[in-house]
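**Student:** Have a look; sequence and predicted model below, questions after that.
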Amino acid sequence: MTEEGRRRGRNESEEERADRMWVELIQEVRVAQTGVQILFGFLLTVVFQQKYATLPHTDQVIYIVTVVLGACATGALIGPVSLHRLVSGRRVKPRAVRLASWMTFVGLALLLATTTCSLLLILRVATHDPFVPWLVGAVVAWYLVCWYGLPLWARRRHTSASDDQPAGRERTAAAEGGRSRPGR
């Protein structure tokens, strides 16, 4: 194996890296899938409760938006499984990993929106208090810190630019006088 076919920090080819990243991604998706499916299942039952008909129009709209967001989150988080099944054995795993990673990121953002709307609806119905939006905002801020802020901070603090580049990029950057092209 040539040095260009390896990444810094691990002795693996692009295919080996894709295999490892796929396994890690599927493990992460399993955690998120369970949460979104349980939440979505409970959301689907609300409309069949007698109290639903007595909710103010605003709360019914929040509920409908929440259900749609939950359905979209479920689709995005189950998408990587379908993607794997449809492209397995077609030698596109590195591209499939990137696409599945994007679907997972979108699914997590939709899960955040679903959770936010669910919390808003529950607290509005339970308390009828004007502090509810502030409380929901604080919970969303906490989620943003835990789900995005800390991971992005750790990524920035503990990785170098060359760690984010696919194999072979170091050579390309060196050939261009040390300039790298992020995002390509």
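**Tutor:** Perfect, I can see it now.
**Student:** The spatially most central residue of the chain and Arg98, how far apart?
**Tutor:** Residue closest to the average C-alpha location in the chain (Cα atoms, centre = their mean): Phe105, at 2.6 Å. Distance, Phe105 to Arg98, using Cβ to Cβ, to the nearest Å: 11 Å. Quick note: C-beta positions are derived from backbone N, CA and C, even for glycine.
**Student:** now what about stretch 140-152, what contacts it?
**Tutor:** Stretch 140-152 is contacted from outside by Leu108, Leu112, Thr115, Thr116, using Cβ atoms under 8 Å, 6 or more residues apart in numbering.
**Student:** Tell me the helices and strands packed up against the longest helix along the chain.
**Tutor:** Secondary structure of the chain per DSSP state H: the longest helix is helix 93-127. Applying 3 or more Cβ pairs under 8 Å, 6 or more residues apart in numbering; DSSP states H and E, one finds that helix 93-127 contacts helix 14-46, helix 57-87, helix 132-144.
**Student:** Pipe those helices into TSV and attach distance to Arg156 per row.
**Tutor:** Below are the helices and strands packed on helix 93-127 laid out as TSV (distance: least, Cβ to Cβ, whole Å):
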stretch	distance to Arg156
helix 14-46	20
helix 57-87	25
helix 132-144	16
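**Student:** Can you say which of those is packed in most?
**Tutor:** Among the helices and strands packed on helix 93-127, ranked by average contacts under mean count of other Cβ atoms under 10 Å, first place goes to helix 57-87 (a mean of 17).
**Student:** Direction-wise, compare that helix with helix 14-46 and give the angle.
**Tutor:** 150 degrees (axes from the mean of the first three to the mean of the last three Cα atoms, to 10 degrees).
**Student:** i'd like the first residue to be 129 from this point on
**Tutor:** Right, with 129 as the first residue, what we last looked at is helix 185-215.
**Student:** Now do helix 185-215: which elements does it pack against?
**Tutor:** So helix 185-215, by 3+ Cβ pairs under 8 Å, 6+ apart, packs with helix 142-174, helix 221-255.
**Student:** for the chain, what are the low-confidence residue spans?
**Tutor:** Within the chain, the stretches with pLDDT under 70 are 129-137, 289-312.
**Student:** Could I get the contacting residues of Gln143?
**Tutor:** For the record, residue 143 is Glu, not Gln. Lys221, Pro222.
**Student:** Same question for stretch 242-262: list its buried residues.
**Tutor:** 242-253, 260 (16 or more other Cβ atoms under 10 Å).
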